[in-house]
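A.B. asks: Fold the following and give me the result.
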Amino acid sequence: MSFIVNNRVYVQPGYEEQFEARFKARAGEIDKQPGFRAMRVLRPLGNQAPYVVETEWESQDAFRAWVGSDDFKRAHANPMPKEAFAEGGGLEQFEIVVSSGD
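C.D. replies: Numbers count the residues shown, from 1 in each chain. Model prediction:
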């Protein structure tokens, strides 16, 4: 079964393009990580909804290895300014129990 990590991020108005561009610029880098399966960056359609950055891994251990990697450090270097984000959100971790349509 797969391991899913969702990061809910509340982006302030005016910073949406910059936020999305950062992921577009590095989209292929995470693909090189052992155990990585997929990434989706979901743009909210409601005014108060957060972005959701969803990654899928073979296991929780594969995700943890990526978090400890040099690539993770590079991906999170030079962060956007703090004023680009509102409070709330955070990481959620899941194991898939049932999946349909794969």
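
A.B. asks: Identify the residues contacting the residue lying closest to Ala62 once chain neighbours are set aside.
C.D. replies: In this structure, Ala62 finds its nearest non-sequential neighbour in Gly35, 2.4 Å apart by Cβ to Cβ, 6 or more residues apart in numbering. In short, each C-beta sits where N, CA and C put it, glycine included. Going by Cβ atoms under 8 Å, 6 or more residues apart in numbering, Gly35 touches 57-59, 61-63, 65-66.

A.B. asks: How about Arg22?
C.D. replies: Contacts were defined as Cβ under 8 Å, 6+ apart; by that measure Arg22 touches Met80.

A.B. asks: Check the one 10 residues further on too.
C.D. replies: The neighbours of Lys32, taking Cβ under 8 Å, 6+ apart as the test, are Asp71.

A.B. asks: Which pLDDT does the model give it?
C.D. replies: Listed pLDDT for Lys32 reads 89.

A.B. asks: still on that earlier bit, just the buried members of the contacts of Gly35?
C.D. replies: Buried members of the contacts of Gly35, scored by 16 or more other Cβ atoms under 10 Å, are 57, 62-63, 65-66.

A.B. asks: Show the pLDDT at Asp102.
C.D. replies: For Asp102, the model assigns a pLDDT of 61.

A.B. asks: so where's the protein uncertain?
C.D. replies: Within the chain, the stretches with pLDDT under 70 are 27, 102.

A.B. asks: Would you mind writing the CA trace of whichever strand or helix holds Arg22 as PDB?
C.D. replies: Arg22 belongs to helix 16-26 when assigned by DSSP states H and E. What follows is helix 16-26, C-alpha atoms only, in PDB (Å, rounded to 0.1, in the frame of the first residue of the first chain):
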ATOM      1  CA  GLU A  16      -0.300  32.400  -5.600                       C
ATOM      2  CA  GLU A  17       1.700  32.700  -8.800                       C
ATOM      3  CA  GLN A  18       5.000  32.700  -6.900                       C
ATOM      4  CA  PHE A  19       3.900  29.700  -4.800                       C
ATOM      5  CA  GLU A  20       2.900  27.700  -7.900                       C
ATOM      6  CA  ALA A  21       6.000  28.700  -9.800                       C
ATOM      7  CA  ARG A  22       8.300  27.300  -7.100                       C
ATOM      8  CA  PHE A  23       6.700  23.800  -7.500                       C
ATOM      9  CA  LYS A  24       6.700  24.000 -11.300                       C
ATOM     10  CA  ALA A  25      10.500  24.800 -11.300                       C
ATOM     11  CA  ARG A  26      11.300  21.700  -9.200                       C
END
